[in-house]
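> Predicted model and sequence follow; I will ask about them next.
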Protein chains: 2
Amino acid sequence: MAKGSVIIFAGPCTVVYEGRATSRLGVGERLVLIKKDRSILVHRPTGHEPVNWQPAGSMIDFLTENGLPVIRASNANELLKISFTAQPSLMVFDLRDTAEFEMYASEEDMKKAVLAKPSLVEPGFKPLEEERQVKRTGRVDILGLDALGRLVVVELKRKPATPEDVRQLSAYVESLNSEFGRKPRAILAAPSTTKAARREMEKTSVEFRCLTPRRCMQVLREAKGLDSYL
Amino acid sequence: MAKGSVIIFAGPCTVVYEGRATSRLGVGERLVLIKKDRSILVHRPTGHEPVNWQPAGSMIDFLTENGLPVIRASNANELLKISFTAQPSLMVFDLRDTAEFEMYASEEDMKKAVLAKPSLVEPGFKPLEEERQVKRTGRVDILGLDALGRLVVVELKRKPATPEDVRQLSAYVESLNSEFGRKPRAILAAPSTTKAARREMEKTSVEFRCLTPRRCMQVLREAKGLDSYL
DNA sequence: ACTTTTATTTCGCCG
DNA sequence: CGGCGAAGTAAAAGT
């Protein structure tokens, strides 16, 4: 992360973007942030997302047209052009920031929790493999055996399960059926389901298991506490 | 859009987020933008995405701890806390911005182009309905008939088609099969496909038709040119 | 208000 | 480097 200056232009401008799509924005007062890594953001007075932007590594040119500043940020396939219609204010900040950003309770954390405590899925569940590549279909979160020794595919979601999630899991079931000649059970573990997902599940024998990121965090903390004794 | 002030704090701070997940960020110099709609952004010196944020409508409190400013931005389930470790610089910008943001060549535009010139899908294609609701499955982009009078489901994508897209289209085929007792043809029109999507298509009789947003834009321009004569 | 879909998604991982 | 799935996705559109 290290350090770098951030330049802010504040003033009235028009914005044109040509690239993956095309956009036009008429005259209005905005903030333009340009960072040392040559990422650029155009912010309107509302909305937490920039109206236009260009990711890091763009080529940034500062031009003048009719005595007013113009910023061109371009890469191989995209062009962002910001034309000021009056002299903008200009500020420069030198920022030093070497801190590490840490995030917890991701879907990855949910998987760690299930591997640490498989009964989160159901009593007697035994994980065999994680992230198994299923032929021509994709990757399964966890593959394991249930208490009766039957193959189980587990899909983890940190948000309410959608019909999409159910279809994806069904596709895994079909592929594994082809591969092993036996239909595995399918368990979708998520904090909840949407109604449409429920309907999709009724059609496809996918089972639902309620599992929240919060519960997984608890398990991980307990597991970590145990680790410190080993 | 109208107008509103934007407040920028610049200075060293720590950031804590608790909500859908949990994050921690140690001391470093950052920019904090607060807009009139009470959206809030924390920007590090690099990266075009904010490291932490809170969407519009958050409750924002300005506090003081040990003589230094603390910003708390919270909503029902989430809390963002920014604690400065030295006096930050403070700037306020009053921005007036009423311009309309216009974006072209979206998936919607692709649909308009196909309706204006159905042969983009294939010669003899005749659209019947757009955005048809399919029972318990979702909405189909375009439903029509091919040159031989067979039912055709068309799905449009402005980006390379994924296995996800193929599965979704297959689900439509199944639903329409149940509904009409006849299996429709399925055409996925996109600028390209991923390899995995190709494999998925081989399994499911979904056909691919190359169609780029750029070509659609041309057609729309032509159609617009025609319109001006009518 | 809730669900579903889209996105110039961005980001990270893995082949 | 491309493909693929996740994201505190966010925001828009439909129900």
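Perfect, thanks for sending it.

> For the top strand by length along chain A, name the packing helices and strands.
For chain A, the longest strand by residue count, based on DSSP state E, is strand A:3-18. Contacting strand A:3-18 under the criterion 3 or more CB pairs under 8 Å, 6 or more residues apart in numbering or on different chains; DSSP states H and E are the following elements: strand A:22-35, strand A:79-84, strand A:89-96. For every residue, glycine as well, the C-beta is placed using N, CA and C.

> how about A:Val166, phi and psi?
Recorded main-chain torsions at A:Val166 are phi -70, psi -40, according to degrees, to the nearest 10.

> which residues touch the residue nearest to it when sequence neighbours are not counted?
In space, and not counting its chain neighbours, A:Val166 is closest to A:Glu200: 4.1 Å by CB to CB, 6 or more residues apart in numbering or on different chains. The contact partners of A:Glu200, by CB atoms under 8 Å, 6 or more residues apart in numbering or on different chains, come to A:Pro163, A:Val166, A:Arg167, A:Val206, B:Arg136.

> ok, the residue lying closest to the third one once chain neighbours are set aside - how many residues close by?
What it means is A:Arg167. Spatial nearest neighbour of A:Arg167, chain neighbours left out: B:Arg167 (5.1 Å); criterion: CB to CB, 6+ apart. B:Arg167 sits with 19 neighbouring residues when counted by other CB atoms under 10 Å in any protein chain shown.

> which secondary structure element contains B:Arg167?
Using DSSP states H and E, B:Arg167 sits within helix B:163-180.

> helix or strand right after that helix?
Moving toward the C-terminus from helix B:163-180, the next helix or strand (DSSP H and E) is strand B:185-190.

> After that next one, which helix or strand is next?
Where DSSP H and E defines the elements, the next helix or strand beyond strand B:185-190 is helix B:195-204.

> and the contacts of A:Glu200, which are buried?
The neighbour count (16 or more other CB atoms under 10 Å in any protein chain shown) marks A:Pro163, A:Val166, A:Arg167, A:Val206 as buried among the contacts of A:Glu200.

> Can you check the pLDDT for the last one?
Model confidence at A:Val206, given as pLDDT, is 92.

> residues contacting the residue nearest to it when sequence neighbours are not counted?
The spatial neighbour of A:Val206 that comes closest, neighbours along the chain excluded (CB to CB, 6+ apart), is A:Ala186 at 4.6 Å. Listed by CB under 8 Å, 6+ apart, the contact partners of A:Ala186 are A:Val152, A:Val153, A:Glu155, A:Leu169, A:Ser170, A:Tyr172, A:Val173, A:Thr204, A:Ser205, A:Val206, A:Glu207.

> pLDDT score for A:Ala186?
Checking the pLDDT column for A:Ala186, the value is 94.

> ok, now how distant is it from chain B?
Distance from A:Ala186 to chain B, counting by CB to the nearest CB, to the nearest Å: 15 Å.

> Residues in a beta bridge with that residue, which ones?
Beta-bridge pairing of A:Ala186, defined through DSSP bridges, involves A:Val153, A:Val206.

> Count residues in the vicinity of the nearest residue to A:Ile34 once chain neighbours are set aside, would you?
Counting by CB to CB, 6+ apart, A:Ile34 lies nearest to A:Ile7, which is 4.5 Å off, once chain neighbours are set aside. Per other CB under 10 Å, the neighbour tally for A:Ile7 reads 17.

> A:Ile71 versus A:Ile7, what's the distance?
Here the criterion is CB to CB, to the nearest Å. By it, A:Ile7 lies 10 Å from A:Ile71.

> hey, what's in contact with both of those two?
Here A:Ile7 and A:Ile71 share the contacting residues A:Ile34, scored by CB under 8 Å, 6+ apart.

> Can you name the residues of chain A that neighbour DNA strand C?
Proximity of chain A to DNA strand C (CB under 7 Å from any atom of the strand) is limited to residues A:17, A:19-21, A:23, A:52-55, A:78, A:80, A:131, A:133, A:160, A:162-164, A:194-197.

> Of these, select the buried ones using a ChimeraX command.
Those of the residues of chain A next to DNA strand C that meet the burial criterion (16+ other CB under 10 Å) are gathered into one ChimeraX selection, given here:
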select /A:17,23,52,53,54,80,162,163,164,194,196,197
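
> where in chain A is pLDDT low?
For chain A, the stretches with pLDDT under 70 are A:1-2, A:135-138, A:224-230.

> Residue ranges of each domain in chain A, please.
Using automatic domain parsing, the domain parsing of chain A gives A:6-93, A:107-223.

> Relative to B:Arg44, which of the ones you listed is closest?
Taking CB to CB, domain A:6-93 is the member of these nearest to B:Arg44, at 8.5 Å.

> Is any residue of the closest one near DNA strand D?
Yes - where contact is defined by CB under 7 Å from any atom of the strand, part of domain A:6-93 touches DNA strand D, namely A:Gly47, A:His48, A:Glu49.

> sorry, back to before: check the buried ones among the contacts of A:Glu200 and tell me the two furthest apart.
Longest span within those, CB to CB: A:Pro163 and A:Val206, 10.6 Å.

> re the thing from before, can you spell out which helices and strands pack onto the helix holding B:Arg167?
With contacts defined as 3+ CB pairs under 8 Å, 6+ apart, the secondary structure elements packing on helix B:163-180 are helix A:163-180, strand B:126-134, strand B:138-145, strand B:151-156, strand B:185-190, helix B:195-204, strand B:206-210.

> Give me the buried positions along that helix.
Neighbour counts using 16+ other CB under 10 Å place B:163-173, B:175-176 of helix B:163-180 among the buried residues.

> List the residues that contact A:Met201.
A:Val166, A:Leu188, A:Thr193, A:Glu207, A:Phe208.

> Make JSON lines out of those and add distance to A:Cys216.
As requested, the contacts of A:Met201 are arranged in JSON lines below (distance: CB to CB, whole Å):
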{"residue": "A:Val166", "distance to A:Cys216": "21"}
{"residue": "A:Leu188", "distance to A:Cys216": "15"}
{"residue": "A:Thr193", "distance to A:Cys216": "17"}
{"residue": "A:Glu207", "distance to A:Cys216": "19"}
{"residue": "A:Phe208", "distance to A:Cys216": "16"}
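
> would JSON lines of the residues you listed with distance to DNA strand D be doable?
Rendered in JSON lines, the data for these read as follows (distance: CB to the nearest atom of the strand, whole Å):
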{"residue": "A:Val166", "distance to DNA strand D": "12"}
{"residue": "A:Leu188", "distance to DNA strand D": "11"}
{"residue": "A:Thr193", "distance to DNA strand D": "15"}
{"residue": "A:Glu207", "distance to DNA strand D": "18"}
{"residue": "A:Phe208", "distance to DNA strand D": "16"}
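
> Looking at those residues, spot the one nearest A:Phe125.
Distances from those to A:Phe125 were compared by CB to CB; the smallest belongs to A:Glu207, at 11.9 Å.

> what's near enough to touch the closest residue to that closest one other than its chain neighbours?
In space, and not counting its chain neighbours, A:Glu207 is closest to A:Ile187: 4.9 Å by CB to CB, 6+ apart. A:Ile187 sits next to A:Val121, A:Glu122, A:Val152, A:Val153, A:Val154, A:Glu155, A:Val206, A:Glu207, A:Phe208, A:Arg209 when contact means CB under 8 Å, 6+ apart.
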